[in-house]
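Asks: I'd like to go over a predicted model; first the sequence, then the structure.
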Amino acid sequence: MGNLQKMKCVLKCVICFPTALCVLYLISRARLDVQTCTPWSAPIIWDGMFNSEIWDQRHQTEGATVALTVFAVGRYLDAYLGDFLNSSEHYFMLGLPVRYYVFTDMPQKVPDIKLPHLRAMRIIKVKRHSRWQDISMMRMKTIADTIESDIRHHCTHVFCFDVDQVFTGRFGSEALGDSVALLHAYFYHLPKERFTYDRNPKSKAYMETGDFYYHAAVFGGSWKSVKALTEACYQSIMEDKLNNVEALWHDESHLNKYLWLHKPSRVLSPEYCWDPSIGYRNDIQVSRLLWAPKQYEKLRVP
């Protein structure tokens, strides 16, 4: 995409933002080296595109409150949860009320994190499934149920994270939107034919093509939108189970199918979940959340 096309895309995105603050955000801080808007005019958020003070003030005025959900089951709790929670206190949605929802099979082992005013934590015990794939997929039902029973009464927005990550930079209110998806760090530079969608026509996650390849390690939005997404993904997962089918990348495959049919209103660049082993990329000017070193052979065992 050339610079002229990118600027046209930026101006097209402005139509979707009715307030003067949002228009200022897009016009005055455009990035011409990357794609900053989707074909359906949703912004793709990169460093250099936004004024953090303007966005924080806007969401504070609107009374935004954010739920963060994370699952730490089995060995994942000891390996990752402490670093995840401690780093989030330095970088995640600072200046806004935040409620952590930690789902674990061992509540007594959750680190005691000292939380400041306007930040709280609820620890919820969940069943430990024998396969990591089932833990990954069944979180969709747990999130949907918790939104219905608790989150919707306290929070305007929800962000759902994998635990094997560490915050390293601002992950702030610029990321909030009605439906928020994340570009996968390994696929955002690749042509669509190399996206690893589920190609099995028997699966409810089956896709011939799509818009982008999204990473299920981070997704969010308003509580209503996240509830709709997680309920739909869970229903598709259960229909596959009834037909003895399992999607290629489990809940991520179902998430990609849902977001193809229901376009996100905001897309986060790979800055918001970067794998440092990829190496240098000149378009990644800041890393806000990093993949922690994977220990699959050690952690994904019964």
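Replies: Arrived safely.
Asks: who's in contact with I151?
Replies: With contacts taken as Cβ atoms under 8 Å, 6 or more residues apart in numbering, I151 has the following neighbours: 67, 99, 101, 158, 223. C-betas here are computed from N, CA, C, even on glycine.
Asks: Could you measure from the closest residue to the first one other than its chain neighbours over to G63?
Replies: Spelled out, it's A67. With sequence-adjacent residues excluded and distances taken as Cβ to Cβ, 6 or more residues apart in numbering, A67 is closest to C155, at 4.1 Å. From C155 over to G63 the distance is 11 Å, taken as Cβ to Cβ, to the nearest Å.
Asks: now swap in D240 and tell me
Replies: 39 Å.
Asks: now swap in V286 and tell me
Replies: Separation of V286 from G63 (Cβ to Cβ): 28 Å.
Asks: repeat for K109
Replies: 34 Å.
Asks: which one of the two has more residues nearby?
Replies: Neighbour count, other Cβ atoms under 10 Å: between K109 and G63, K109 has more, with 13 against 9.
Asks: Pull the contacting residues for that one.
Replies: For K109, the contact set (Cβ under 8 Å, 6+ apart) comprises 77-78.
Asks: Dihedrals phi and psi, it?
Replies: Main-chain dihedrals, K109, degrees, to the nearest 10: phi -100, psi 0.
Asks: Wait, D47 touches D283, no?
Replies: No. Proximity of D47 to D283 does not meet the contact threshold set by Cβ atoms under 8 Å, at 9.4 Å.
Asks: These two: which has the busier surroundings?
Replies: D47 (20 against 15).
Asks: Run through the residues that contact that one.
Replies: The contact partners of D47, by Cβ under 8 Å, 6+ apart, come to 31, 269, 271, 285-286.
Asks: And for I44?
Replies: I44 touches 34-38, 183, 267-269, counting by Cβ under 8 Å, 6+ apart.
Asks: hey, where'd the strands end up in the chain?
Replies: Here the chain has its strands, by DSSP state E, at 44-45, 66-71, 98-104, 119-125, 157-161, 165-167, 179-182, 218-222, 266-268, 289-291.
Asks: Out of the ones you listed, indicate the one that is most buried.
Replies: Among these, strand 179-182 has the highest mean neighbour count (mean count of other Cβ atoms under 10 Å), at a mean of 26.
Asks: how about that one as PDB, C-alpha atoms only?
Replies: Taking C-alpha atoms only, strand 179-182 is exported to PDB below (Å, rounded to 0.1, in the frame of the first residue of the first chain):
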ATOM      1  CA  SER A 179     -14.700  -5.200  19.500                       C
ATOM      2  CA  VAL A 180     -11.000  -5.500  19.600                       C
ATOM      3  CA  ALA A 181      -8.800  -8.000  17.800                       C
ATOM      4  CA  LEU A 182      -5.000  -8.400  17.600                       C
END
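Asks: Do you know the pLDDT at K127?
Replies: We have a pLDDT of 82 for K127.
Asks: meant to ask about R31
Replies: So R31 comes in at 84 (pLDDT).
Asks: Quick check: W223 vs M138, distance?
Replies: 20 Å.
Asks: Show me which of these two is the more surrounded one.
Replies: W223 (21 against 18).
Asks: ok, the nearest residue to that one once chain neighbours are set aside - how many residues close by?
Replies: Spatial nearest neighbour of W223, excluding adjacent residues (Cβ to Cβ, 6+ apart): R152 at 4.8 Å. R152 has 17 neighbours, counted by other Cβ under 10 Å.
Asks: Pretty sure R152 sits against S225.
Replies: No. Judged on Cβ under 8 Å, R152 makes no contact with S225 at a distance of 11.6 Å.
Asks: picking up where we left off before, what residues are up against the residue nearest to A67?
Replies: So C155 contacts 65-67, 97, 99, 223 (Cβ under 8 Å, 6+ apart).
Asks: Likewise for T168?
Replies: So T168 contacts 87, 91, 287-290 (Cβ under 8 Å, 6+ apart).
Asks: now E174
Replies: By Cβ under 8 Å, 6+ apart, the contact set of E174 is 45, 49-50, 52, 55.
Asks: Just these: which are in helices?
Replies: Those of those mapping onto helices are 52, 55, per DSSP state H.
Asks: Just the buried ones from the contacts of E174?
Replies: 45, 49-50, 55 (16 or more other Cβ atoms under 10 Å).
Asks: Export the residues you listed as CSV, with columns for distance to Y76 and pLDDT.
Replies: Supplementary listing: these in CSV, determined by distance: Cβ to Cβ, whole Å; pLDDT from 0 to 100:
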residue, distance to Y76, pLDDT
I45, 28, 96
M49, 33, 91
F50, 32, 91
W55, 32, 93
